[in-house]
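K.L.:
What shape does this take:
(2 chains)
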Amino acid sequence: MIESAEVKDRIREYVLEEFAKAKGINQITDSEVLTKNGVIDSMGIFRLVAFLEETFNVRIGDEEITHDNLESVDAIEKLVLAKSKK
Amino acid sequence: MAYILQQLLTKSAKAYPDKPAVWARGQSITYRELDERSNQVAHFLRQRGVQKGDRVGLFFPKCVESIVSMLGVLKAGGVYVPLDPQAPSDRIGYIIGNCGIRILITNAERRSALAAETVNTLDCCLLVEGDSNGSGMVAWSQLSQFPSSYAPEVTLVETDLAYILYTSGSTGRPKGVMLTHQNALTFVEWCAEEFHVRSDDKLSNHAPLHFDLSVFDVYNTLEAGATVYLITEDLALFPTSLSNFIEAQGITIWYSVPSALMLLLLHGRVTPQKLKSLRIILFAGEVFPMKYLRQLAEISTTSDLYNLYGPTETNVCTYYKVERDRLATLEKLPIGIACANTECFSVNPEGQLTKEGEAGELFVRGPSVTNGYWADPEKTKKMVVPNHFQEFFEEKMYRTGDIVTVGDDGNYYFQGRRDSQIKSRGYRIELGEIESALLSHPDVREACVLAVPDEVIGNRIRAVVAPHVPGSLGVLQLQQYCASRVPKYMIPELIDLCDELPKTSTGKIDRVKLASESVVAR
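P.N.:
Sure thing, here's the model as predicted:
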């Protein structure tokens, strides 16, 4: 079982290192909407999903790649935890 | 016949007052509301001193108020300038200064992202969202005190400016393409005829409003009394949400860059059922790979598919209606033939019309062609040139920089660029602008920016940089520096650092050698 805090840290770190920093954003909050300010673009979404699948050993279907599931670090954590319980 | 854009709204507001005109984020407004609210915006702007021809900036994420604001500015006799809400404040500050924007329609969050020296140049900010507790800020709710039943009286003619669209500039700063009411209406009227847009049509607006694809979505909707559905980032980035949206709303006309359609095909779980409502699919802005176009045609079996072509300076100037019976054998998608009221010709380097089979640069003449770039007579002179084929009077034509050939089928075929402009996700990017951004870093000695072809998004951007002191610069550091100067879609995804860039025998940076180096794209 993965610890909730660990999941969140790894997601935040990935989003920050992989997307945000390269776009001049050095800090993100867990509730920040990542799509609104352009942190993640349309191709980035799929890189993020690949990272989640690999890191947390979960399978995320195309129909689950939605704004509600991926809009913030909080939302992504919720999705990963729900998936890893199954 | 409408000769200024806002007349399209006036006409439809009379014919269809209670019909929804604009939908965004689950909300919609009727034609009557759009007409009344844009009147209020116009009166507000006039009260704040906006005169005919004054530029008003629009700087906030797409929403219903975007369209209200565009029409409000036009009704005040002004010229609207849509600004990329995700662009760095340095770039927005430059544009605001370049075209002399004194009034900005924005939201509290975007306003706070602007540099203080930019805010100081503004007379007033109208906020579509957020608190207006500061000097020089006016809340959207305060518009209710202005007259709604009529627009201010302003004398306008079709050659007056309607909007300015900023695109990437090769010398390091964006350039403002000036478009008149006539430029836009020439295109809108052609679209109305060719696509028979009707009042029961539901058009999607996928492109950002600072991108000229949106002109069709917005104004052909108003022309027909139809409804436009603004696709915001919560939908645009999620292909399955988008395909569900098309089905649920019953979208009938779609217009976007091909890469958006490709994402839909690759990840949107599209089925013939999901795309059943679409009767027309338009795409423009980049080359649509045949493989994906065939897939699209197989899933959307009854729609008419059109490849539209044209730079912002001419809007769409050629079009190709996809012939389904040729899809299996067609190797390359044509850009087609000239639109109505537009003439295109291909010219060789000697300035003569090309002969059969010869490649040449595409030139465009007609009422859709821009007068040039805002406050940049030098650049205007280079691109909007005298038409030397016209003997008896002076006339201008636009040189696109695109190299074309004419096929046996009579269609134009795009072959490439004569300069270093590229397309990525449909965005037009001057590699020189990114090079200028990198070179402005005090520690950078040399920089070369290259396009790495990519099947889905067209091109990825790669930079090769040599610092003054080897080892003194990091990739992330350079990306962050670019982020403060250029829009996000222009930040190099890949940056290679080296001690010195390879040179040709004449001492120039050897782009060919750099481009041939193997690149591992992510």
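K.L.:
Quick check: closest non-adjacent residue to the most centrally placed residue in chain A.
P.N.:
Most central in chain A under Cα atoms, centre = their mean is A:Ile76, positioned 4.5 Å from the mean C-alpha point. With Cβ to Cβ, 6 or more residues apart in numbering or on different chains as the criterion, A:Ile76 has its nearest non-adjacent residue at 5.1 Å, and that residue is A:Ile11. C-beta here means a position set from N, CA and C on the backbone, and glycine is covered the same way.
K.L.:
packing partners for the helix or strand containing that neighbour?
P.N.:
Using DSSP states H and E, the element containing A:Ile11 is helix A:4-15. The contact analysis (3 or more Cβ pairs under 8 Å, 6 or more residues apart in numbering or on different chains; DSSP states H and E) places helix A:4-15 against helix A:42-56, helix A:73-85.
K.L.:
pLDDT averaged over it - what is it?
P.N.:
For helix A:4-15, the mean pLDDT works out to 89.
K.L.:
What are the contacting residues of it?
P.N.:
Helix A:4-15 has contacts (Cβ atoms under 8 Å, 6 or more residues apart in numbering or on different chains) with A:28, A:30, A:34, A:39-40, A:48, A:51-52, A:55-56, A:73-74, A:76-77, A:80-81.
K.L.:
And the residue of chain A that's closest to chain B?
P.N.:
A:Gly24 (3.0 Å; Cβ to the nearest Cβ).
K.L.:
With distance to B:Leu71 and mean pLDDT as extra columns, can I get the helices and strands packed on helix A:4-15 in CSV?
P.N.:
Below are the helices and strands packed on helix A:4-15 laid out as CSV (distance: least, Cβ to Cβ, whole Å; pLDDT from 0 to 100):
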stretch, distance to B:Leu71, mean pLDDT
helix A:42-56, 29, 88
helix A:73-85, 36, 91
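K.L.:
related to what we said a few turns ago, quick one: residues contacting the residue nearest to the centre of chain A.
P.N.:
Per Cβ under 8 Å, 6+ apart, neighbours of A:Ile76: A:11, A:48, A:52, A:69-70.
K.L.:
ditto for B:Cys498
P.N.:
Contacts of B:Cys498 (Cβ under 8 Å, 6+ apart): B:464-466.
K.L.:
follow-up on the earlier one: most neighbours among the contacts of A:Ile76, please name it.
P.N.:
Ranked by the number of neighbours (other Cβ atoms under 10 Å in any protein chain shown), those place A:Ile11 first, at 24 neighbours.
K.L.:
gap between that residue and B:Leu275?
P.N.:
34 Å (Cβ to Cβ, to the nearest Å).
K.L.:
And for B:Ser303?
P.N.:
7 Å.
K.L.:
What backbone torsions are found at the residue nearest to the spatial centre of chain B?
P.N.:
Closest to where the C-alpha atoms of chain B average out (Cα atoms, centre = their mean) is B:Phe211, at 1.7 Å. Dihedral angles of B:Phe211 (phi, psi; degrees, to the nearest 10) stand at phi -110, psi 140.
K.L.:
For B:Leu473, which non-adjacent residue is closest in space?
P.N.:
That would be B:Pro467: by Cβ to Cβ, 6+ apart, it lies 4.4 Å from B:Leu473.
K.L.:
typo on my end, it should be A:Thr29
P.N.:
A:Val73 (7.8 Å).
K.L.:
Could you list which residues are in contact with B:Leu308?
P.N.:
So B:Leu308 contacts B:282-284, B:316, B:318-319 (Cβ under 8 Å, 6+ apart).
K.L.:
quick one: the one helix or strand B:Leu58 maps to to chain centroid distance?
P.N.:
If you go by DSSP H and E, B:Leu58 is part of strand B:55-59. Its chain's C-alpha centre and that of strand B:55-59 lie 16 Å apart, by Cα atoms, centre = their mean, to the nearest Å.
K.L.:
Tally up the residues packed near B:Arg428, please.
P.N.:
16.
K.L.:
Any chance of the backbone angles for it?
P.N.:
Dihedral angles (degrees, to the nearest 10) for B:Arg428: phi -90, psi 130.
K.L.:
quick one: it from B:Arg462, how far?
P.N.:
Taken as Cβ to Cβ, the span from B:Arg428 to B:Arg462 is 18 Å.
K.L.:
about what we covered before: would you mind measuring from the residue nearest to the centre of chain B to chain A?
P.N.:
15 Å (Cβ to the nearest Cβ, to the nearest Å).
K.L.:
I'd say the residue nearest to A:Thr29 and A:Val39 touch.
P.N.:
No. Using Cβ atoms under 8 Å, A:Val73 is not in contact with A:Val39, being 10.5 Å away.
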